[in-house]
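K.L.:
got a structure for you, letters missing:
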């Protein structure tokens, strides 16, 4: 279980006043869950992800994974970034197996694991290619495979499809669902797209800025429905989906206006 | 019938080639410049030859190309000032090579350390920022007073000139590592040492090689100054000594040798870049 209790973060602002980036966030991510944090920029969703990843200490509260307090980054939490962070001097297989290399695992086993994971993300023919030879969507798939290689307890994804065109994005969403379904990994996923959040998450937390906090939570089953039926259109067109979309849009917009007025 | 058929075939095999177009670019836009450069060199050499053939300048100031070539073959066969041309070139290459090797093995680790550690940066910045903008000729007398007139002072002068650009570029290389890349490695379980060997070092390599190339440029520039110190051999010595006898053609020969050597070294470092950092500019 990943347990976040009263996570609060203050940053030093430029004017000497501190910025309240995250305000008493509580969240449990159980085994097999797909939790999506949704919100406009500045709502603290990336701050929350960085804290879970161990890149950022929190001012107050606690974050623990399987009972152990999180104090530093580690291979038990795989991270997929928005900007691809593949190493340009390594081929795709070596990039995927980078975490295994850090763990001191032998070349042969690294190779086998890389091939297996590349097949999982549909890139088995690209093991020998270099990152600059791949498209943005393919590079993100390599990023997912790389994060899975060390068999982490949770996958943290920071707007991984934000820079992709909408067609590629849809393909990537379906690919991610199949990876999630097949590996059973729990996922914490950040996005500012309402549709993406609704489609992917078993749980969606809606976040709002100044200070960054959770303003609404939804338990959803659209993703499970997709796993069963494989039918994206009927989910996107369903009454339920659209009602929820409008409801969340209302929350985000009213919030946005409030912030604008304050600014 | 036959002609018609022939015409038909011609039409088939050579369809009208469509006019291909290209977006308007800016600046060089990747267009090749080598041919223009070679043509410029040819024009310059022709102008040189024409100026001397028309006797626009006395040969003391501007020797004829033929004279310089003749002088080159004379020096090649007889040597100059008691040493063969190979010994002169060898002496210079030894000095610059040794200085470069010393600069590479010291400046890269020191520069990397300065890029990573606050104390190293704070302490070493003071002497380096103080000395590196100084012209080597200004501290040449100190080198002679402290290290004598042997090889040591010459190599030390070259070393100091070549150290700074490599050290500064190694620091810049460390700065070029993005936080995301470092964080990605950390979240994959990289230790501090692995972060350095697998992420920082290869990320900094392109910058370091650029620094080495600049260092060689500065090194050749300093060579003549270094060989002012009581030398009997070296291309710099050859030039300075010839200048004292107003042997302008020998000066030209010396300059030509230095330019060929410098070009060779620059080209080698570029080749090295292609082998070591083939990803440069691609990601």
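P.N.:
Happy to help now that I have it. Just so it is clear, the structure is predicted and the values come from calculations on it, not from any experiment.

K.L.:
and the residue of the stretch 151-263 of chain A found nearest chain B, what element?
P.N.:
Proximity of the stretch 151-263 of chain A to chain B (CB to the nearest CB) peaks at residue A:156, 8.0 Å away. Placement of C-beta: from N, CA and C, glycine included. Counting by DSSP states H and E, the element that carries residue A:156 is strand A:154-158.

K.L.:
ok, and for the following helix or strand past that strand, which residues are buried?
P.N.:
Remark: after strand A:154-158, the chain's next helix or strand is helix A:166-183, criterion DSSP H and E. Within helix A:166-183, the residues scored as buried using 16 or more other CB atoms under 10 Å in any protein chain shown are A:168-170, A:172-173, A:175-180.

K.L.:
Stretch A:239-249 now?
P.N.:
Within stretch A:239-249, the residues scored as buried using 16+ other CB under 10 Å are A:241, A:244, A:248.

K.L.:
JSON lines for those, including pLDDT?
P.N.:
Conversion of the buried residues of stretch A:239-249 to JSON lines gives the following (pLDDT from 0 to 100):
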{"residue": "A:241", "pLDDT": "93"}
{"residue": "A:244", "pLDDT": "94"}
{"residue": "A:248", "pLDDT": "93"}
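
K.L.:
Going by neighbour count, list what's buried in stretch B:271-279.
P.N.:
B:273, B:276-277, B:279.

K.L.:
follow-up on the earlier one: just the buried residues of stretch A:239-249 that are near chain B?
P.N.:
Checking those against chain B by CB under 8 Å from any CB of the partner chain, not one of them is in range.

K.L.:
And the contacts of stretch B:183-200?
P.N.:
For stretch B:183-200, the external contacting residues (CB atoms under 8 Å, 6 or more residues apart in numbering or on different chains) are A:53-55, A:72-75, A:77-79, A:81, A:85, A:87, A:98-99, A:101-103, A:146-147, A:149-150, A:156, B:112, B:116, B:174, B:177, B:181-182.

K.L.:
For residue 173, list the residues it contacts.
P.N.:
Using chain A. A:161, A:196, A:199-200.

K.L.:
You answered for a different chain; I wanted chain B.
P.N.:
Counting by CB under 8 Å, 6+ apart, residue B:173 has contacts B:111-112, B:115, B:203-208.

K.L.:
Same check on residue A:42?
P.N.:
Residue A:42 neighbours (CB under 8 Å, 6+ apart): A:209-210, A:212.

K.L.:
So among these, where is pLDDT lowest?
P.N.:
Ranked by pLDDT, the contacts of residue A:42 bottom out at residue A:210 (81).

K.L.:
Run a quick neighbour tally on it.
P.N.:
17 (other CB atoms under 10 Å in any protein chain shown).

K.L.:
Which helix or strand contains it?
P.N.:
Applying DSSP H and E, one finds residue A:210 in no helix or strand.

K.L.:
now swap in residue B:91 and tell me
P.N.:
helix B:85-116.

K.L.:
Now do the next helix or strand after that helix against helix B:85-116, angle only.
P.N.:
The first helix or strand that comes after helix B:85-116 along the chain, using DSSP H and E, is helix B:118-131. For helix B:118-131 against helix B:85-116, the angle by axes from the mean of the first three to the mean of the last three CA atoms, to 10 degrees is 140 degrees.

K.L.:
What is the distance between helix B:118-131 and the centre of its chain?
P.N.:
Mean C-alpha position of helix B:118-131 versus that of the full chain (CA atoms, centre = their mean, to the nearest Å) differs by 26 Å.

K.L.:
neighbouring contacts of it?
P.N.:
B:110, B:113-115, B:139, B:160, B:164, B:167-168, B:171.

K.L.:
okay, who's weakest in those by pLDDT?
P.N.:
When these are compared, residue B:139 shows the smallest pLDDT, 90.

K.L.:
ok, it to residue B:241 distance?
P.N.:
23 Å (CB to CB, to the nearest Å).

K.L.:
Tell me which of the two has more neighbours.
P.N.:
Ranked by neighbour count (other CB under 10 Å), residue B:139 and residue B:241 place residue B:241 first, with 19 against 16.

K.L.:
excluding its backbone neighbours, what's nearest that one?
P.N.:
residue B:81 (5.8 Å; CB to CB, 6 or more residues apart in numbering or on different chains).

K.L.:
The one you found - how many residues pack around it?
P.N.:
Around residue B:81 there are 15 residues (other CB under 10 Å).

K.L.:
How about the contacts made by the closest residue to residue A:78 other than its chain neighbours?
P.N.:
Sequence neighbours aside, residue A:147 is the residue nearest to residue A:78 in space, at 3.2 Å (criterion: CB to CB, 6+ apart). Contacts of residue A:147 were listed using CB under 8 Å, 6+ apart, and they are A:78-80, A:155, B:187-188.

K.L.:
export those residues to JSON lines and tack on distance to residue B:22, neighbour count and pLDDT?
P.N.:
Formatted as JSON lines, the contacts of residue A:147 follow (distance: CB to CB, whole Å; neighbours: other CB atoms under 10 Å in any protein chain shown; pLDDT from 0 to 100):
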{"residue": "A:78", "distance to residue B:22": "44", "neighbour count": "29", "pLDDT": "93"}
{"residue": "A:79", "distance to residue B:22": "41", "neighbour count": "29", "pLDDT": "95"}
{"residue": "A:80", "distance to residue B:22": "37", "neighbour count": "27", "pLDDT": "94"}
{"residue": "A:155", "distance to residue B:22": "44", "neighbour count": "23", "pLDDT": "95"}
{"residue": "B:187", "distance to residue B:22": "43", "neighbour count": "28", "pLDDT": "94"}
{"residue": "B:188", "distance to residue B:22": "43", "neighbour count": "27", "pLDDT": "95"}
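
K.L.:
Mind checking which of the residues you listed are in helices?
P.N.:
Mapping the contacts of residue A:147 onto helices (DSSP state H) picks out residue B:187.

K.L.:
Between the contacts of residue A:147, which sits nearest residue A:228?
P.N.:
Closest approach between these and residue A:228, by CB to CB: residue A:155, at 22.0 Å.

K.L.:
just checking, the closest one touches residue A:53?
P.N.:
No - the pair residue A:155 and residue A:53 does not pass the contact test of CB atoms under 8 Å, sitting 10.7 Å apart.

K.L.:
Am I right that residue B:39 falls within a strand?
P.N.:
No - counting by DSSP: H, G, I helix; E, B strand; the rest coil, residue B:39 is not part of a strand but helix.

K.L.:
hang on, the earlier thing: reformat the contacts of residue A:147 into a markdown table and put distance to residue A:115 next to each item.
P.N.:
Converted to a markdown table, the contacts of residue A:147 look like this (distance: CB to CB, whole Å):
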| residue | distance to residue A:115 |
| --- | --- |
| A:78 | 18 |
| A:79 | 22 |
| A:80 | 20 |
| A:155 | 20 |
| B:187 | 23 |
| B:188 | 18 |
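
K.L.:
what's the most distant pair in the contacts of residue A:147?
P.N.:
A:155 and B:188, at 12.6 Å, using CB to CB across these.

K.L.:
ok, back up a step: which of the contacts of helix B:118-131 are buried, as a ChimeraX select command?
P.N.:
Applying 16+ other CB under 10 Å to the contacts of helix B:118-131 leaves a buried subset, and the ChimeraX line that selects it is:
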select /B:110,113,114,115,139,160,164,167,168,171
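
K.L.:
got the contacts of helix B:118-131 as CSV, with distance to chain A columns?
P.N.:
Shown next, in CSV, are the contacts of helix B:118-131 (distance: CB to the nearest CB, whole Å):
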residue, distance to chain A
B:110, 24
B:113, 22
B:114, 23
B:115, 19
B:139, 39
B:160, 32
B:164, 27
B:167, 23
B:168, 23
B:171, 20
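
K.L.:
Name the residues of stretch A:68-81 that are buried.
P.N.:
A:70, A:73-81.

K.L.:
Quick one: end-to-end length of it, please.
P.N.:
End-to-end distance for stretch A:68-81: 24 Å, by CA to CA, to the nearest Å.
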